[in-house]
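S.K.: A structural model of the following input is requested.
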Amino acid sequence: IGISECNAPSFKPKVQSPTSRPPLNQRRFRRVKRPSKTGKNTHDADKSSSNNHHQTPPFGNRSPKADYTGRLARVEAAKKEAGEHYAAARYLESANSYTIAINAYKSGINDESAQKPDHTLSILYSNRAAAFMMCGVAYYLAVSDGVKALSCLDFRKYMKNPSKEGGVHFALKVQSRLARAYLKCGDAKNAETHFRAAMMKVDCALDKLSSHNTSLFPVDNSAGRNLLQQCKTSAEIGIADVKRFNFLLEKADQEKCMRAEDSSAEFATVVEGLSIAPRSALLWVRKIFLMKALKRWDDIAFECEKNSCDVAKLEEVGIFSLDLSEINPYPHSSPLHYLESNFFDVASAEDKFLCTQATGEAVTRMPVDVRPLYLRALRLEERYDHVFAAIKVLENSKINYQKYVTEERDRVRRTMSAKAEGDNLFRSGKYDSAAIRYNVCLKIDSEKPGRLATSGGRLHAILHCNRAACLMATKRFREAAKECSAALRIHANYRKAMLRRGRCYVKMHRFKEAIADFNACIEAAVKGKETFDHSIKTKEQIEVVKKELEEAKRAKRDHETAERAKADRERREQEKQRWYDENVNSEDWYNNNFSGRNNSSRGGKYGGKKNGSSRNRGGYEYNQQSDRSYSNREHPNNHQYRRSSSKASCEDDEEEVCHYSILSVTVQSDSTTIKKAYHRMALKYHPDKNKDPEAATMFRKVQTAYEILSDSKSRREYDMERNFARSFY
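M.R.: Numbers count the residues shown, from 1 in each chain. Below is the predicted model of the structure:
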């Protein structure tokens, strides 16, 4: 009622007499614009309009022949339900209710009127954007609604609107919310643009207040100023966040150019950037590829599946319906049957993987760039059933992913075959062949053909540990320890690798490292540290490791005792050699102690007394006091040694017969005396003159003794060896 159809192109008004009234469908009514009441929110305005439906409701231009009363009632009911959900922190349900309200409201607006500013539609879009912002998983939908809400606003008009919700504050709130949504999505440029636009509008509004124009906030000018200052502060904080985000992006790019093999610094920077923009698609994909460089395949699978669960949260409540159906990022995803949106919210640490059927549904709800990495992560984590389920879903999908899907399926089959062959060979006792098959399995993920490259993951950790077992069986403990170390670099809490490396260290007598590995294995088992390996979990298994630890400690003590004894022996040998070099192995010492005695005994050039109780240094014949002082000297081996007197003979030698005793001469005898003694002993024991059976043996000994003592060099060497032996033994 009250709506004219004069806009129809075929309408031609008939000429009527001044006294007659035209038919109702041909009357012209002038539309009267009635402003909304001051101080009432949109809910009050909607209620007032529904009660007085004969008046033109303040909801913008509407198409003719519409059921305004029913439509406004549906909008009001949906808004009320959305408010209740929002208050109860059910933000996705609230957004879904706002979607119903928006579509109910837009059903009565024609295309031409939809392009004009509409305050009520702006409120609905803004409230739905707030719900998307609060749920934390749909910032890109908040951006879409923020743009639509901002397009429905007329800022110049709101400068004159005295209502708090529909005035300047509401316009600033919409623009700040849109800027924040852009920043959460990683669009720093648009975020900064809208933050600065909000600040400009705040400055404009403050200028109005400064000029005593109280039409903005007629009730309390100070309250309006405070609200504007809050909006300005929020915009300034947003600009600071944008600058920080841009700085982190530049820093990550620099670290990418500077890095060699380690990507830890760049990964930390990207994670910090995601704390500011958690739904930045570029940063998230970059994080996944950095995880690949860091060989964190379990984290890759976790991140991809968690992202799919976040998408499933939106689908469960029917977010992508009505006006949001065109914004669905994964329109070709398979229907939800097994994928639970809250799986990672309630899953325990030991059960953080999706089931096989859910994996097939999750793979179609993740970005296309990360799907090959996700399939590879499933294989390297030995989730073969999940890989085949995901491959089957991708092959049956509408989009062709045949290339990388086919390659990954081939790698899965080769991996399973090589590992199974290695296990069978190990059980058969063919350890070298088993190690070769495990090596072939490791080379499947090598980027360069024929080159062994550890890609990480549970699979490669197990392969390295299995190779260590093969090498330990063939007594190659050093190589086995290296394989265990490679497994522990992939999974630091791999208990079986700790135990095997500790056993290798024991065999290598590296007891300190072995004890550290045994202690780490026991600690990981007792505290239940997160790991895929539960081979050492029960009390009996822990007790076995503790026994090995005690054996390693006992072996360490025995080894240290043996090492100390060996060190003492080496030290004594070194001291003996040093004493020998300083006191015996010297030509001057020999000349002073042997050659000079003969001269002094004959009253030679040293002027010694022949029969005196003491001699000079050249004579080297001591009296009783000097002999006693010399014999009391301490040897490095704590043995006291003695010097024989000038008349001492060699009868006490137990090692061999002394040449001096054979010839019946003293150590101080000269060459002439030795020659005379030889002739005398030779005549005595010559076989032609002495028929005694022992005479021939004694004659050979006399000849040997004379050959050694007649030559000065050989005699000197013989004397040095004899004196050294008698001094220490």
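S.K.: From here on, just use CA atoms for contacts and neighbour counts.
M.R.: Fine.
S.K.: Extract the C-alpha trace of the helix or strand where Arg489 lies and format it as PDB.
M.R.: Secondary structure assigned from DSSP states H and E places Arg489 in helix 477-490. The C-alpha coordinates for helix 477-490 follow below in PDB (Å, rounded to 0.1, in the frame of the first residue of the first chain):
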ATOM      1  CA  PHE A 477      80.000 -50.200  16.400                       C
ATOM      2  CA  ARG A 478      81.400 -46.900  15.200                       C
ATOM      3  CA  GLU A 479      79.300 -46.900  12.100                       C
ATOM      4  CA  ALA A 480      76.300 -48.100  14.100                       C
ATOM      5  CA  ALA A 481      76.700 -45.200  16.500                       C
ATOM      6  CA  LYS A 482      76.600 -42.700  13.600                       C
ATOM      7  CA  GLU A 483      73.400 -44.300  12.300                       C
ATOM      8  CA  CYS A 484      71.800 -44.000  15.800                       C
ATOM      9  CA  SER A 485      72.900 -40.300  15.900                       C
ATOM     10  CA  ALA A 486      71.200 -39.700  12.500                       C
ATOM     11  CA  ALA A 487      68.000 -41.200  13.900                       C
ATOM     12  CA  LEU A 488      68.100 -39.100  17.000                       C
ATOM     13  CA  ARG A 489      68.600 -35.900  14.900                       C
ATOM     14  CA  ILE A 490      65.200 -36.700  13.400                       C
END
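S.K.: pLDDT of whichever helix or strand comes after that helix, averaged?
M.R.: Sequence order places helix 495-507 as the next helix or strand after helix 477-490, per DSSP H and E. Averaging pLDDT along helix 495-507 gives 94.
S.K.: tell me which element Ile542 is part of?
M.R.: Ile542 belongs to helix 539-583, assigned by DSSP H and E.
S.K.: what helices or strands is the helix holding Arg489 leaning on?
M.R.: Of the remaining helices and strands, those touching helix 477-490 by 3 or more CA pairs under 8 Å, 6 or more residues apart in numbering; DSSP states H and E are helix 457-473, helix 495-507.
S.K.: quick one: buried residues of that helix?
M.R.: For helix 477-490, burial by neighbour count (16 or more other CA atoms under 10 Å) applies to 477-478, 480-488, 490.
S.K.: Quick check: which ranges of the chain have low pLDDT?
M.R.: Along the chain, the parts satisfying pLDDT under 70 run over 1-68, 108-115, 155-166, 209-221, 259-262, 347-351, 398-402, 447-454, 583-657, 724-729.
S.K.: Can you report how many residues neighbour the nearest residue to Arg196 once chain neighbours are set aside?
M.R.: Sequence neighbours aside, Ala235 is the residue nearest to Arg196 in space, at 7.2 Å (criterion: CA to CA, 6 or more residues apart in numbering). Counted with other CA atoms under 10 Å, the neighbours of Ala235 add up to 28.
S.K.: So which bits of the helix or strand that Ala235 is a member of are buried?
M.R.: Assigned by DSSP H and E, Ala235 falls within helix 221-258. For helix 221-258, burial by neighbour count (16+ other CA under 10 Å) applies to 221, 224-225, 228-229, 231-232, 234-236, 238-239, 241-242, 245-246, 248-249, 252, 255.
S.K.: Buried ones in the very next helix or strand once past it, by neighbour count?
M.R.: As assigned by DSSP H and E, the chain's next helix or strand after helix 221-258 is helix 264-276. Within helix 264-276, the residues scored as buried using 16+ other CA under 10 Å are 266-267, 269-274, 276.
S.K.: I'd like the distance between Lys713 and Glu707.
M.R.: Separation of Lys713 from Glu707 (CA to CA, to the nearest Å): 11 Å.
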